Structure formats: C-alpha cells, structure tokens
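**Student:** fold the stuff below for me.
(2 chains)
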Amino acid sequence: EAQVTQNPRYLITVTGKKLTVTCSQNMNHEYMSWYRQDPGLGLRQIYYSMNVEVTDKGDVPEGYKVSRKEKRNFPLILESPSPNQTSLYFCASSPLSPHSPVFTTYYGYTFGSGTRLTVV
Amino acid sequence: TQLLEQSPQFLSIQEGENLTVYCNSSSVFSSLQWYRQEPGEGPVLLVTVVTGGEVKKLKRLTFQFGDARKDSSLHITAAQTGDTGLYLCAGVYSGAGSYQLTFGKGTKLSVIP
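**Tutor:** Here you go, the predicted model:
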C-alpha cells in the first residue's frame, strides 16, 4: 500500500531532551515536507526537501533540523525541544515539488497519520 | 505567504442537511486543492480544481473554482456522519519565480446523527 509512515504516533518528552520523528514513504516521491498543525494557526511548513541532500526552510524552521540522506526517509530532529514545540506534526510527500507548475494540475500531497508531540 | 481564508471555522449540522464551505483569497491561484482530515489522521486529497469556473463532483460533494480563480466552494448534499472532519483548502500560486502552496486554516464540520 502506498503510504507515508511516521513514528511515533504519540510522544511525551521533557524540555531539552533531543528527539527524532521518523518519516518514510514507499512511493519513490521526490518531494517531502514537514508541517506542524496548531489550533487557530492551521498547517505551517517547517522544512521541505526537493530531493536527496536538498533541504530548505519553510515558514517556521526555528528549533528544528532535517536530513534527506535517502529518497524514502526524511526525519525531523528536535535538538532541544521546548514546550512551544508541543504540536501535531505531519510528514507529507509528493511526486513533484509544489514549486513545479506540473504539481498544480496533477499532484497533491500524501500525508502521514501524524505525530502528537507534548513537551513538558 | 498568501492568505487563504476559510469560512465558517466551525459548522455543526444534522445528518441529511446540505452545507457549503468557502475558501477565499485576494490572490489569483493557479489551482486549488481540497483535503479532508478525519480525527486522528492526516489530510487526504479530495480534488484539485484548475480552471476558473470549473465544477467537479465527488459523489455528494461538489467543488467549484471561482471564475477569477480567487475563491472556491465545497457543497455537501445530504451530509452523513462519515463527512465529519476538518476540510482544508490549499492554493497554489505563482510568485517570486516559482509556485508556492499555502493552506487555509480549515472548516471543522460535525455531522450529528
């Protein structure tokens, strides 16, 4: 089944303790992205990757890191989590980048099921 | 980042009723996508509209793209409890030499049995 898999689904951690949220897709998609979803603020993009070894900041990158060493994996790293990073996180992938005109007609995102992170 | 306004923010209706939710912007979009997010899951793409005035139907859901490509609507006929969820629109617009995708904040729909 074509899918984006995120782990863990739920995570409670303490301030300052480094954590990684994994994301893997089995569709050979070039483009991957991380979003956070907060009440009243909607989906906000954290980082995205156009392809292997190519990553760039989204709208809210502070406090996060990513890497894209393989096409299928795009982990999100919080080096020193803080309570304001408590949120619902989604990984998404697409065959092409939304920056491409072809995306607008033929493609959309496939999202993972989300990771609910609580930082205390 | 371009602004996409969705209205209403919340909507609670009885099963069997009709409803319309809206997605508006001051910007022209190349295309617009609608996603549905069920509780505890990620958003799922429902439809993409590309041409001004375009209408697409997905069973009881009717999607329309405004003539000027600045707005869109989603109409649900005879709502069912399975329609409950967060409906997100996402607009693709051209700017700064590339295309950008921006999400609205969503309309949270509750269909009561």
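**Student:** pLDDT weak spots in chain B?
**Tutor:** B:1-2, B:95-97 (pLDDT under 70).
**Student:** could you redo the last one with a cut-off of 90?
**Tutor:** B:1-3, B:27, B:29-31, B:39-40, B:50, B:92-101 (pLDDT under 90).
**Student:** does the residue in it that chain A sits nearest to sit in a helix, a strand or a coil?
**Tutor:** In chain B, the residue that lies nearest chain A is residue B:42 (3.1 Å; C-beta to the nearest C-beta). For the C-beta atoms, the positions are set from N, CA and C on the backbone; glycine is no exception. Look at residue B:42: counting by DSSP: H, G, I helix; E, B strand; the rest coil, its state is coil.
**Student:** what's the burial count for it?
**Tutor:** 21 (other C-beta atoms under 10 Å in any protein chain shown).
**Student:** equivalent analysis for the one 10 residues further on, please.
**Tutor:** In terms of burial, residue B:52 registers 13 neighbours under the definition other C-beta under 10 Å.
**Student:** hmm, residue B:11 and residue B:112 touching each other?
**Tutor:** No. If you go by C-beta atoms under 8 Å, residue B:112 and residue B:11 don't touch, sitting 11.0 Å apart.
**Student:** the two: which has the busier surroundings?
**Tutor:** residue B:11 (18 against 11).
**Student:** helices along the chain, start to end?
**Tutor:** Going with chain A. A:101-106 (DSSP state H).
**Student:** the residue of chain A found nearest chain B - nearest residue in space that isn't next to it in sequence?
**Tutor:** Using C-beta to the nearest C-beta, the closest approach of chain A to chain B is made by residue A:111 at 3.1 Å. Nearest non-adjacent residue to residue A:111, counting by C-beta to C-beta, 6 or more residues apart in numbering or on different chains: residue B:42, 3.1 Å away.
**Student:** check contacts around the residue of chain B closest to chain A.
**Tutor:** Going by C-beta atoms under 8 Å, 6 or more residues apart in numbering or on different chains, residue B:42 touches A:4, A:90, A:92, A:111, A:112, A:113, A:114.
**Student:** distance of residue B:5 relative to residue B:13?
**Tutor:** 21 Å (C-beta to C-beta, to the nearest Å).
**Student:** actually residue A:92, not the one I typed
**Tutor:** Distance of residue A:92 to residue B:13, computed by C-beta to C-beta: 29 Å.
**Student:** could you do residue A:84 as well?
**Tutor:** In terms of C-beta to C-beta, residue A:84 sits 35 Å off from residue B:13.
**Student:** higher neighbour count, those two?
**Tutor:** Higher neighbour count among residue A:84 and residue B:13: residue B:13, with 15 against 10, using other C-beta under 10 Å.
**Student:** so that one sits right up against residue B:79, yeah?
**Tutor:** Yes. At 5.8 Å, residue B:13 counts as touching residue B:79 under the criterion of C-beta under 8 Å.
**Student:** show me what contacts the residue of chain A closest to chain B?
**Tutor:** Counting by C-beta under 8 Å, 6+ apart, residue A:111 has contacts A:4, A:90, A:91, A:92, B:42, B:43, B:44.
**Student:** of those, closest to residue B:26?
**Tutor:** residue B:43 (23.9 Å; C-beta to C-beta).
**Student:** and residue A:9, what does it touch?
**Tutor:** A:113, A:114, A:115, A:116.
**Student:** need the overlap of contacts for residue B:13 and residue B:79.
**Tutor:** B:19, B:109, B:111.
**Student:** about what we covered before: ok, now how distant is the residue nearest to residue A:111 from residue B:83?
**Tutor:** Taking C-beta to C-beta, one finds residue B:42 at 17 Å from residue B:83.
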